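*Asks:* mind folding the following:
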Amino acid sequence: MIENQEKFLILAADDLGGQYANNAGILDAAQNGALTSASIMANGAAFADAVERVLPACPRLGVGVHLTLNEGNCVAPPAQIPALADADGHFRFIEARGFVRLALSGGALREQAALEMRAQIEKVKTGVEKTGRALDHLDGHMHCHAIPWLWQLTLKLAAEYAVPFVRLPREPLRLAPLRAHFPRPLNFAHYANLQTYAWRDWRASRRSPVRTNDYFYGLLHSGAMNETVAAALLRAQRENAGVTEMAFHPCVATAETYYLEPYVKDLCNGENRAAELSALKSPQLRAVVEQCGYQLTNYREIAMKSD
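*Replies:* Numbering: from 1, shown residues only. Modelled structure (predicted):
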């Protein structure tokens with residue numbers, strides 16, 4: 001957590017490298033919009049495109065690892081992590097049910113998760129360093145890294161790899177955006193669960209050299225972070241100093257046929273993903289950022305200012 005009276009705002013995109021639709025949306029949002037940060041899925045179908053084409057075209061974009069234990073295939077050899085992935089390398093813990101199973105798991109799975117997370121970090125680190133940058137944060141797919149035992153592991157790995165920040169999905173409840181979008185029941189359930197974790201995670205982070213953001217948005221309204229919702233959240237948050245991260249999933253619909261999971265195709269090609277891209281490119285949203293006194297930045301720049 002940053003103890004600072006300044007108001008820093010990180011407009012972030014998850015799932016870089018996941019699909020070409022994600023890459024196209026993130027590239028557009030970074031070049032023609034206000035996007036300042038992105039996190040890469042090491043096991044994504046479009047990982048090579050992300051590090052070879054998108055990152056070189058977006059030199060100011062901060063970059064992190066989107067740690068993934070609950071979608072697609074593993075990066076570590078499947079034989080080394082049989083509790084986490086099947087013989088074909090496919091993760092055993094998929095979607096919301098998989099998240100719950102991860103939270104309740106222990107024993108050998110925890111050791112194998114460390115092997116897989118380390119493999120993902122090293123793969124992304126190698127790709128990012130080829131662009132002349134270093135990793136500036138870690139986060140998790142569906143915020144799986146916030147599960148308390150995984151949070152402890154994420155902090156440990158961040159310190160080991162000299163990654164200065166880990167995303168803390170601590171999201172204040174703001175009622176104003178509910179008029180623009182009423183969250184799905186699953187969003188409410190996931191939000192409530194993660195806020196319980198967030199308090200424990202924040203306490204654990206106080207004992208670590210790795211820093212966290214102060215506030216996060218994009219959980220309760222995940223899948224609907226359009227211009228209206230984002231602007232309402234920023235206005236409601238305007239009095240709070242520190243580091244606020246707001247996460248989006250911008251996409252440009254593509255004709256690709258391979259997806260990590262079948263349900264991802266509809267997500268990538270849906271109207272909501274296009275609306276999130278439009279929000280990041282909106283002059284009106286940028287005007288709200290300026291009116292509320294935020295400094296648009298990323299974790300890399302904050303780490304440099306704090307050193």
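
*Asks:* can you show me the helices along the stretch 1-150 of the chain?
*Replies:* Counting by DSSP state H, counting those that start in this stretch, one finds helices in the stretch 1-150 of the chain at the ranges 20-32, 47-49, 55-57, 95-103, 108-129, 148-160.

*Asks:* report the angle between the axes of the fifth one and helix 95-103?
*Replies:* Helix 108-129 runs at 110 degrees relative to helix 95-103, counting by axes from the mean of the first three to the mean of the last three Cα atoms, to 10 degrees.

*Asks:* what comes up buried for helix 108-129?
*Replies:* Under the neighbour-count criterion of 16 or more other Cβ atoms under 10 Å, helix 108-129 has 109, 112-121, 123-125, 127-128 buried. Every residue, glycine included, has its C-beta placed from N, CA and C.

*Asks:* list just the nearest of those residues to Lys281.
*Replies:* Lys281 lies nearest to Val128 out of those, by Cβ to Cβ, at 24.5 Å.

*Asks:* spatially, which two of the buried residues of helix 108-129 are the most separated?
*Replies:* Greatest spatial distance among the buried residues of helix 108-129 (Cβ to Cβ): Leu109 and Val128, at 27.8 Å.

*Asks:* with adjacent residues omitted, what lies nearest to Ala236?
*Replies:* Nearest residue to Ala236, sequence neighbours excluded (Cβ to Cβ, 6 or more residues apart in numbering): Arg174, at 4.3 Å.

*Asks:* am I right that that neighbour falls within a strand?
*Replies:* No - using DSSP: H, G, I helix; E, B strand; the rest coil, the assignment for Arg174 is coil, not a strand.

*Asks:* residues near it, how many?
*Replies:* Using other Cβ atoms under 10 Å, the number of residues around Arg174 comes to 17.

*Asks:* got any ranges where the stretch 201-307 of the chain has weak pLDDT?
*Replies:* Residue ranges of the stretch 201-307 of the chain with pLDDT under 70: 255-263, 307.

*Asks:* show me where it has its strands.
*Replies:* Shown for the stretch 201-307 of the chain, the strands assigned by DSSP state E, counting those that start in this stretch span residues 211-212, 215-217, 242-248, 295-296.

*Asks:* ok, the longest strand along the chain: who's next to it in the sheet?
*Replies:* In the chain, taking DSSP state E as the definition, the longest strand is strand 7-16. Strand 7-16 has the following strand partners under DSSP bridges: strand 37-40 (parallel), strand 242-248 (parallel), strand 295-296 (parallel).

*Asks:* I'd like the ones you listed as TSV, with mean neighbour count appended.
*Replies:* What follows is those, written out as TSV (neighbours: other Cβ atoms under 10 Å):
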stretch	mean neighbour count
strand 37-40	30
strand 242-248	24
strand 295-296	15
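
*Asks:* output the ones you listed as TSV; include the columns distance to Glu160.
*Replies:* Shown next, in TSV, are these (distance: least, Cβ to Cβ, whole Å):
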stretch	distance to Glu160
strand 37-40	18
strand 242-248	23
strand 295-296	30
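
*Asks:* check what pLDDT the residue nearest to Ala236 gets.
*Replies:* If you check Arg174, the pLDDT there is 79.

*Asks:* nearest to Leu153, out of the strands paired with strand 7-16?
*Replies:* strand 37-40 (17.0 Å).

*Asks:* separation between the residue nearest the centre of the chain and Ala114?
*Replies:* Centroid-nearest residue in the chain: Asp14, 4.3 Å away (criterion: Cα atoms, centre = their mean). Between Asp14 and Ala114 the distance, using Cβ to Cβ, to the nearest Å, works out to 22 Å.

*Asks:* and stretch 115-122, C-alpha only, in CSV?
*Replies:* Presented in CSV, the C-alpha positions along stretch 115-122 are these (Å, rounded to 0.1, in the frame of the first residue of the first chain):
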residue,chain,number,x,y,z
LEU,A,115,5.9,-24.7,-9.7
GLU,A,116,3.3,-23.6,-12.2
MET,A,117,3.3,-19.9,-11.0
ARG,A,118,7.1,-19.8,-11.2
ALA,A,119,7.0,-21.2,-14.7
GLN,A,120,4.4,-18.6,-15.8
ILE,A,121,6.4,-15.7,-14.3
GLU,A,122,9.6,-16.9,-16.0
